[in-house]
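> Below: sequence and its predicted model.
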Amino acid sequence: MDPNAPIAEYMTPLPHTVGSEQTITFAQQMMQKYGIRHLPVLHGGELYGIVSDRDLGMIAGLNEVNPDSTTVEEAMTQEAYTVSPETPLIDVLKQMLEHKYGSAVVIEGMKIIGIFTTHDSLKLLVENAV
């Protein structure tokens with residue numbers, strides 16, 4: 001592992017995404033199906049936010065919320081942490097640690113090309129343990 005290598009070398013390419021108008025139930029089913037915990041949220045084909053399994057679970061657990069009709073937009077965080085594919089791995093890790101981000105969405109121009117999550121960072125740690 002090279003901490004100065006670009007995040008593009010360590011990201012999960014072409015992540016699954018969800019539309020802001022999709023339901024919480026739809027997003028939860030998608031996460032279960034693909035074994036993931038973070039979904040970039042799109043609106044009009046562009047990044048609009050990020051939603052985690054934790055966000056969805058908290059909103060779905062509220063008594064007055066129907067997860068079959070409540071949209072992802074109501075559960076998401078609008079301020080997704082984004083980086084370019086050239087950003088050094090160490091810079092991404094430092095920002096994720098400092099701000100407690102669960103993921104970094106990798107953007108090239110206006111296109112989502114990857115995602116790097118805390119799971120990915122733990123995997124790197126285990127693979128490179130001495």
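Perfect, I can see it now.

> use CA for all of it now, contacts and neighbours both
Will do.

> list the buried ones in stretch 67-85?
Residues of stretch 67-85 classed as buried under the neighbour-count rule (16 or more other C-alpha atoms under 10 Å) are 67, 70-77, 80-85.

> correction: stretch 52-62
Quick answer for stretch 52-62 (16+ other C-alpha under 10 Å): 52-53, 55-56, 59-60.

> out of these, who's nearest residue 118?
Using C-alpha to C-alpha, residue 52 is the member of the buried residues of stretch 52-62 that sits closest to residue 118, with 11.8 Å.

> who's in contact with the closest one?
By C-alpha atoms under 8 Å, 6 or more residues apart in numbering, residue 52 lies in contact with 37-39, 76.

> Mind doing that once more with 10 Å?
27-28, 31, 36-40, 58, 75-77, 102-103 (C-alpha atoms under 10 Å, 6 or more residues apart in numbering).

> need those residues in a markdown table with secondary structure and distance to residue 114, can you?
Below are the contacts of residue 52 laid out as a markdown table (DSSP: H, G, I helix; E, B strand; the rest coil; distance: C-alpha to C-alpha, whole Å):
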| residue | secondary structure | distance to residue 114 |
| --- | --- | --- |
| 27 | helix | 18 |
| 28 | helix | 20 |
| 31 | helix | 16 |
| 36 | coil | 13 |
| 37 | coil | 14 |
| 38 | strand | 12 |
| 39 | strand | 11 |
| 40 | strand | 10 |
| 58 | helix | 26 |
| 75 | coil | 22 |
| 76 | coil | 18 |
| 77 | strand | 18 |
| 102 | coil | 14 |
| 103 | strand | 10 |
